[in-house]
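[1] Sequence below, structure please.
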Amino acid sequence: MSTAKKTSANDRLRSDRLSFYKEDMEKIDKLLAEFIRLAGAKCALLIDKEGHLVTRRGEVRSIDMDTISALVAGSFAATKEMARLLGEDEFTALYHQGTRDNIQLSLVGDRTLLTILFDDRTTVGMIRLYANETAKKLSEIYDVALARDPSEGPDLDAGYGNSAKKKLDNLFD
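    Numbering: from 1, shown residues only. Down below sits the predicted model:
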């Protein structure tokens, strides 16, 4: 593969699979905690479109996070197909109402799903208002992370690679 094609593939992979560093996650977690406080939500999850949990804040009770993450991504994918059939690119927000709990899903930066669990302590309007603001701020964090030079990653000392190799060797011995 030529260098230009390899670079293009690497750029596309970086764009599709945005990596977050510790400082990114700290900003995201702080933003989600503030969202919960302002909106009166019970819990906020950030899930990638493949169904992997990125982070969460708030009350989660005994919810199986892996299962809810996969189901949220599947629900959003199905709804995207419904939108396409109706002539839309996709719906950017979904709302499911239950007797006790509700859930809203909001697409953020075409990368993640802001998943909000809430009950009657707040309103759908409050959730939507603060979810839109939070989504804009998350998109800004994503833009900064995407613009970061990949060579500016965490500085791992030379011993890290050797240590990891030894642990893998021990695992498979």
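[2] Show me the longest helix that occurs in this protein.
    Identified as the longest helix of the chain according to DSSP state H is helix 124-147.
[3] For that one, list the C-alpha coordinates in CSV.
    What follows is helix 124-147, C-alpha atoms only, in CSV (Å, rounded to 0.1, in the frame of the first residue of the first chain):
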residue,chain,number,x,y,z
VAL,A,124,-38.2,16.3,29.0
GLY,A,125,-37.8,20.0,28.2
MET,A,126,-35.0,20.4,30.8
ILE,A,127,-33.3,17.3,29.5
ARG,A,128,-33.4,18.4,25.9
LEU,A,129,-32.2,21.9,26.7
TYR,A,130,-29.2,20.8,28.7
ALA,A,131,-28.5,17.9,26.4
ASN,A,132,-28.2,20.2,23.4
GLU,A,133,-25.8,22.5,25.2
THR,A,134,-23.8,19.5,26.5
ALA,A,135,-23.6,18.0,23.0
LYS,A,136,-22.1,21.2,21.6
LYS,A,137,-19.5,21.2,24.4
LEU,A,138,-18.7,17.5,23.8
SER,A,139,-18.3,18.2,20.1
GLU,A,140,-15.7,20.9,20.9
ILE,A,141,-13.7,18.4,23.0
TYR,A,142,-13.9,15.9,20.1
ASP,A,143,-12.6,18.5,17.7
VAL,A,144,-9.6,19.3,19.9
ALA,A,145,-8.9,15.6,20.3
LEU,A,146,-9.1,15.0,16.6
ALA,A,147,-6.9,17.9,15.8
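[4] Who are the packing partners of that helix?
    Using 3 or more Cβ pairs under 8 Å, 6 or more residues apart in numbering; DSSP states H and E, the elements in contact with helix 124-147 are helix 22-39, strand 93-97, strand 102-108, strand 112-118. All C-beta atoms are positioned from the backbone trio N, CA, C, and that covers glycine.
[5] Buried residues, stretch 97-106. List them.
    102, 103, 104, 105, 106 (16 or more other Cβ atoms under 10 Å).
[6] before we move on, back to that, highest mean neighbour count out of the helices and strands packed on helix 124-147?
    strand 112-118 (a mean of 24; mean count of other Cβ atoms under 10 Å).
[7] That strand: partners in the sheet, and parallel or antiparallel?
    Strand pairing for strand 112-118, using DSSP bridges, gives strand 43-48 (antiparallel), strand 102-108 (antiparallel).
[8] Residue 149 is nearest to which of those?
    Nearest to residue 149, of all these, is strand 43-48, at 22.5 Å by Cβ to Cβ.
[9] what's the angle between the closest one and helix 22-39?
    When axes from the mean of the first three to the mean of the last three Cα atoms, to 10 degrees is applied, the directions of strand 43-48 and helix 22-39 differ by 140 degrees.
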